[in-house]
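Provided below are the primary sequence and the corresponding predicted coordinates.
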Amino acid sequence: MRLVVSGGGTGGHFFPALALLEEARRKGIETLYVGAVRGIENRLRDMIPSESLFLNVYPLRGVSLKERLRSVKGFLNSFFELRSRIGEDFRSLIFGGYVSVPLGTVTLLRRKPLFVHEQNSVPSSTNRLFSLTARKVFITFEYTRRFFRGDHVIKTGLPVRREILETKISRESAREILGFDPSSPVFLFMGGSQGAKFVNSLGADFARRTGVQTLIISGERDYQRVKDMVKGLTRVKVFPFRTDMGVVYSAVDVAVVRAGSSTLTEISLFGIPALMIPYPFAVGDHQYYNAKEIEEMGGGFVLRQEEATTEKVIGLVDRIVGDHRTMSERIRRFANPEASRIILKEIAEEVL
């Protein structure tokens with residue numbers, strides 16, 4: 001029996017699925033990954049440690065009528081393609097997003113075991129739908145329990161890639177690798193896998209006003225604009241994207257970030273307290289509720305984007321620096337480095 005895993009479109013769905021696949025490979029479990037041709041997973045397909053299938057599926061929400069018709073056609077074609085490839089002896093784990101719909105549907109019609117992992121505090125419509133028939137639902141945030149009732153709901157945390165979990169490097173060495181002075185603190189501004197123009201602009205202004213060592217991970221689309229904004233500032237580094245995020249986190253003292261589940265999980269593993277500026281248009285305002293759970297633990301502060309002036313950011317970052325040790329200890333309590341192992345164990349026990 002093999003495990004079929006789907007989740008993609010964005011890094012928030014793909015990277016947890018990738019981490020789970022890595023752990024499955026370590027345990028000798030046969031897997032098939034199902035992603036989207038148009039998603040980030042296809043661009044990063046060389047990272048996937050298993051057989052892969054990329055479908056021509058498209059989002060259904062927030063698009064025009066013409067695009068909806070394309071989405072329906074893409075789903076039907078993908079459903080039949082997947083059904084012909086998947087075989088008869090399998091179990092499925094979906095991480096959500098439109099790319100998970102064909103796999104969830106095929107699994108239900110074949111009456112095979114279906115499992116769901118919800119990354120965010122407020123679940124996606126895809127995961128809400130499939131949770132109704134799922135054997136188990138794995139969650140990252142306590143807040144999510146109000147949406148999924150029953151003993152089959154298990155808080156496992158978010159799977160994180162082995163490369164990040166196994167990073168063993170001193171803060172000073174990590175700073176040197178990134179081109180910083182190893183004896184001075186580093187402040188990270190990052191908007192997620194696709195970048196965030198608002199967070200990038202804050203980072204550039206923060207660096208100009210404070211003069212501290214600042215690392216901005218801008219995303220590809222905003223890279224040149226941000227580079228131009230910090231021209232002449234010698235203590236600022238701008239990267240469009242980094243794959244060695246373990247090195248980045250090892251170098252950083254405080255993070256100013258969006259509040260996606262992967263970002264919050266990864267910084268918590270490294271004990272990096274954060275100022276979180278949730279993406280204001282996230283479905284169900286889920287990034288705000290993600291961030292509130294961290295704030296209530298004492299691991300950071302939440303600041304709404306409409307209130308996020310550079311002055312407020314500097315003030316809140318100063319507060320984090322002043323209570324860094326305590327806040328670092330508290331944010332570490334959020335992540336579970338054993339998430340992938342626990343999920344695979346729960347799936348195996350249920351199937352048996």
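Great, that's in hand. If you're wondering where the values come from, they're calculated on a predicted model, not measured in any experiment.

Domain-wise, how is this protein divided?
According to automatic domain parsing, the chain comprises the domains 2-160+337-351, 164-331.

Format these as a markdown table; extra columns: mean neighbour count and mean pLDDT.
All C-beta atoms are positioned from the backbone trio N, CA, C, and that covers glycine. Shown next, in a markdown table, are the domains of the chain (neighbours: other C-beta atoms under 10 Å; pLDDT from 0 to 100):
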| stretch | mean neighbour count | mean pLDDT |
| --- | --- | --- |
| domain 2-160+337-351 | 20 | 91 |
| domain 164-331 | 19 | 95 |
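
Look up how far Lys27 lies from the closest residue in space to Ile342 that isn't next to it in sequence.
Excluding the flanking residues, the one nearest Ile342 by C-beta to C-beta, 6 or more residues apart in numbering is Thr156, at 4.8 Å. Distance from Thr156 to Lys27, counting by C-beta to C-beta, to the nearest Å: 16 Å.

again with Ser50
Counting by C-beta to C-beta, the separation of Ser50 from Lys27 is 12 Å.

repeat for Tyr98
Separation of Tyr98 from Lys27 (C-beta to C-beta) stands at 29 Å.

Which strand or helix spans Tyr347?
Check again: residue 347 is Ile, not Tyr. Secondary structure from DSSP states H and E places Ile347 in helix 339-351.

residues in contact with the residue lying closest to Ile154 once chain neighbours are set aside?
Excluding its sequence neighbours, the residue lying closest to Ile154 (C-beta to C-beta, 6+ apart) is Phe138, at 5.5 Å. By C-beta atoms under 8 Å, 6 or more residues apart in numbering, the contact list for Phe138 reads 115-118, 154-156, 343, 346.

Is it possible to get CSV of the residues you listed that adds distance to Val317 and secondary structure?
CSV is the format used below for the contacts of Phe138 (distance: C-beta to C-beta, whole Å; DSSP: H, G, I helix; E, B strand; the rest coil):
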residue, distance to Val317, secondary structure
Phe115, 40, strand
Val116, 37, strand
His117, 33, strand
Glu118, 31, strand
Ile154, 36, strand
Lys155, 30, strand
Thr156, 32, coil
Ile343, 35, helix
Glu346, 39, helix
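
Looking at the residues you listed, which is nearest Arg319?
Nearest to Arg319 among these, counting by C-beta to C-beta, is Lys155 at 29.2 Å.

separation between the closest one and Phe334?
For Lys155 relative to Phe334 (C-beta to C-beta), the value is 11 Å.

Correct me if wrong, but Lys312 is in a helix.
Yes - per DSSP: H, G, I helix; E, B strand; the rest coil, Lys312 lies within a helix segment.

quick one, what contacts the spatially closest residue to it that is not a sequence neighbour?
Excluding the flanking residues, the one nearest Lys312 by C-beta to C-beta, 6+ apart is Leu303, at 6.4 Å. Contacts for Leu303 (C-beta under 8 Å, 6+ apart) come out as 275-277, 312-313, 316.

Ok, Val313 next?
Contacts of Val313 by C-beta under 8 Å, 6+ apart are 202, 206, 256, 275, 303.

Just flag the most distant two among these.
Between all members of the contacts of Val313, the farthest pair (by C-beta to C-beta) comes out as Phe206 and Leu303, at 12.8 Å.

Would it be right to say that Phe189 lies in a strand?
Yes - under three-state DSSP, Phe189 falls within a strand.

could you measure it against Leu20, distance?
Taking C-beta to C-beta, one finds Phe189 at 29 Å from Leu20.
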